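Trainee: Need the 3D shape of this:
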Amino acid sequence: MTPQKRRLCYSLLALAWLSITPAISSAENRSLADRFPQGDAASILVDASQWHPFPRAAERDAWESIPADVREKILALGTDYASRPVPALPATLYLEFRREGNRDRFQKVLFERRAMLGGLALAECVEGKGRFLDPLANVIWAICEESTWALPAHIGAQKAGVGLPDTTEPIVALFSAETASTLAWVLYLLEDELDGVSPLIGPRVRREIDERIITPYQQRDDFGWMGFRSKSRPNNWNPWVNSNVLAATLLLEQDQERRLEIVHKILRSLDRFFVPYPSDGSCDEGPSYWGRAGASLFEDLELLYSVTQGKFDVYDDPVVREIGRFITRLHVADDVFVCVGDCDVASSPPRDLVFRYGQRIQDKAMMDLARSGVAGEQLWSDRYGPWSIMRILPALFNLSNLRAEKVSPPLLRDVWLSDPDMQLMVARDKEGSTDGLFVAAWAAHNGQSHNHNDVGNFIVYQNGKPVLIDVGRPTYTRQTFSRDRYKIWAMQSAYHNLPTVNGQMQGVGGRYKATDVDYQVDAASAALKMDLASAYPASAGIASWNRTVRLARGDSVEVVDNFVLQEESSDIVEHLLTSCDVKPLGDGRLSLTNTEAGTNVLLRISPPELKVDVETIPLDDERLTAMWGSTIHRISIHADKPQKQATWRIQVSPAK
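Mentor: You can find the predicted model right below:
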């Protein structure tokens, strides 16, 4: 493929990505950069040599005060990593993304290297005897010799396009920036000790971080995630990348004028994320992406709070507060959160970060969510292992607060997020309890970041266990963020709890949306109403499709679809996805059970003469099978005769 064709392909991919990223909303929050002008910031930014955010490895009392069980886990990890060779990253492995669309095999090796980096550094800090320094030096040197720190899926921003990295054009992206941050924190903790291995390690790391990350960040403003040249509101990339560039800059940059210039550019980039952010704190990417959206914004704010000795303080800002509270609002039970778009169904939020965010904004619900069920391994519970040191360090030195008391999660009874990018209702039978029924439903549009075509979708849980589900996202491949994204079944409306009409699924983009959205709540019930007609192309022939999702507390969840078509049709199908075993009982009744989970509900369909088919969907994707096992089921409800106007009801109630 010629360079011109590669650039064309990348342009097409970029256009496809823009089709699933959110437009700038109408919110106008206070600019971070304007609140702290560059001239004023100069007087409050502590010099790098004076900044001491955490104890260094030589400060033994602090490291030896970490609880014994956590120290043991860190030393066990470090001992394991020290026994392994640094895994190879050959060119052909990098090329698999271009050749096959597979991004996972390369990423697993790269993430293993980063896990070794973080694990060995932490183990040396905990033990302090030099046992882990040589293995750590091996990993550091290997990472410095990588041609790029960017993933194959992210290298398309280079002029050469997707393929091998052009070493003359370093790309600042998610994991290149996080690699720089982690290396910078390792130097902060252990540079004197690494000098004993070789005095060339520190200078090499500093040079690589500057050439690969800090200088390109300073010189370029065309990376899409920065938000400087885009009409779309940046997604989680913006605060995530910025937090890591900010950490590396604050830790390593010795030229105070340059350091200040980059910090202020980071504030201006963050403004592109923050200024248009929904005033209700909604993260349209869902709870698992909140961990790198709102949570990463908090890391940016905390770094600036620390390096200015508390003078950069925006925690009284109402939107900053609402962004934090989002994570408690979509909590279902245990580590399960409402699954929106590419969200993971089960994810453990960074509990220490949630706790500290809650502390800053004085939100007890956030602090209780963080404290509930916390364990030492949750310091590195994400699948990338213990390499995000910027998250682990504050957690290590905050464990006494995090473990101070055992509490139950807040489990809010009712939530309504009204922003047009979200329009999401959460309702459960009892405040503070998973007992009974839980429902979440959303309206919004199909132009969200990490969008699935799911306007009007809903999920139902019983006693904290799934009944009617959103399957979540499969493993990312090249197809995921291409113009073929919606050929992936899990992202189509036909594989959500939604209708397909005249063979038409929902359309792609922000113009496919719910209208006439209304939310009502009281002590006895909660209901979300909407018209789904505009979520479908004109060829679906829908005049109106009024859906109401209602929880009658202590009784049932009922979904009522009142529709009018432009012409009679017998091609009307209502889809329901479930992880339960399905047993038709006749007269429009189905039994949904999962013996292992303890779920047992009765599904009633009205009118009862509607036809019902049950399809078993085999799962072969690693991410999906980890959550749902080898199969799920899709219930399809069909019109028994041509219809132009009708009312269909679906009721879920506990089996008697």
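Trainee: tell me, what residue is most central in the protein?
Mentor: Nearest to the geometric centre of the chain sits Y289, at 1.3 Å (C-alpha atoms, centre = their mean).
Trainee: Please name the nearest non-neighbouring residue to it.
Mentor: N236 (5.1 Å; C-beta to C-beta, 6 or more residues apart in numbering). Heads up, the C-betas are built off the backbone N, CA and C, glycines and all.
Trainee: Isn't the one you found up against S288?
Mentor: No: using C-beta atoms under 8 Å, N236 makes no contact with S288, being 10.0 Å away.
Trainee: quick one, which of the two is more surrounded?
Mentor: Ranked by neighbour count (other C-beta atoms under 10 Å), N236 and S288 place S288 first, with 28 against 24.
Trainee: For whichever strand or helix holds that one, output the C-alpha coordinates as PDB.
Mentor: Element membership for S288 (DSSP states H and E) is helix 287-290. Written as PDB, here are the backbone C-alpha positions of helix 287-290 (Å, rounded to 0.1, in the frame of the first residue of the first chain):
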ATOM      1  CA  PRO A 287     -18.900   3.600  34.300                       C
ATOM      2  CA  SER A 288     -15.900   1.500  33.200                       C
ATOM      3  CA  TYR A 289     -14.700   4.400  31.000                       C
ATOM      4  CA  TRP A 290     -15.400   6.800  33.900                       C
END
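Trainee: Quick one: list the elements packing against it.
Mentor: helix 318-329 (3 or more C-beta pairs under 8 Å, 6 or more residues apart in numbering; DSSP states H and E).
Trainee: Would you mind pulling the contact partners of the helix it packs on?
Mentor: For helix 318-329, contacts defined as C-beta atoms under 8 Å, 6 or more residues apart in numbering pick out 27, 29, 274, 277, 279-283, 287, 290, 294-295, 297-298, 301, 314-315, 337, 349, 354, 357-358, 360-361, 363, 365-366, 369, 410, 412, 415, 417, 426.
Trainee: Dump it to CSV, restricted to CA.
Mentor: Extracted C-alpha coordinates of helix 318-329, given in CSV (Å, rounded to 0.1, in the frame of the first residue of the first chain):
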residue,chain,number,x,y,z
PRO,A,318,-20.4,21.9,41.0
VAL,A,319,-19.5,20.0,37.8
VAL,A,320,-16.3,18.6,39.2
ARG,A,321,-18.5,17.3,42.1
GLU,A,322,-21.1,15.8,39.7
ILE,A,323,-18.4,14.1,37.6
GLY,A,324,-17.2,12.3,40.7
ARG,A,325,-20.7,11.2,41.8
PHE,A,326,-21.5,9.5,38.5
ILE,A,327,-19.7,6.3,39.5
THR,A,328,-22.0,5.8,42.5
ARG,A,329,-25.1,6.5,40.5
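Trainee: distance between that helix and the chain's centre?
Mentor: 15 Å (C-alpha atoms, centre = their mean, to the nearest Å).
Trainee: partners of the very next helix or strand once past it in the sheet?
Mentor: Proceeding N to C from helix 318-329, the next assigned helix or strand is strand 331-333, under DSSP H and E. Looking at strand 331-333 with DSSP bridges, its partner strands are strand 336-337 (antiparallel).
Trainee: residues in contact with the partner strand?
Mentor: 286-288, 327, 330-331, 343, 345-347, 349, 461, 464, 466.
Trainee: which of the residues you listed has the weakest pLDDT?
Mentor: For those, the weakest pLDDT value sits at S347, with 82.
Trainee: Can you get me a residue count around it?
Mentor: 20.
Trainee: Enumerate every residue touching the residue lying closest to it once chain neighbours are set aside.
Mentor: Spatial nearest neighbour of S347, excluding adjacent residues (C-beta to C-beta, 6+ apart): S288 at 4.0 Å. Neighbour list for S288: F337, C343, D344, S347 [criterion: C-beta under 8 Å, 6+ apart].
Trainee: Relative to N453, which of those residues is nearest.
Mentor: Checking these against N453 with C-beta to C-beta, the nearest one is C343 at 14.6 Å.
Trainee: The closest one against G291, yeah?
Mentor: No: with contact defined as C-beta under 8 Å, C343 and G291 do not form a contacting pair (10.1 Å).
Trainee: so Y486 touches N453, yeah?
Mentor: Yes: here Y486 reaches N453: they are 6.5 Å apart, a contact under C-beta under 8 Å.
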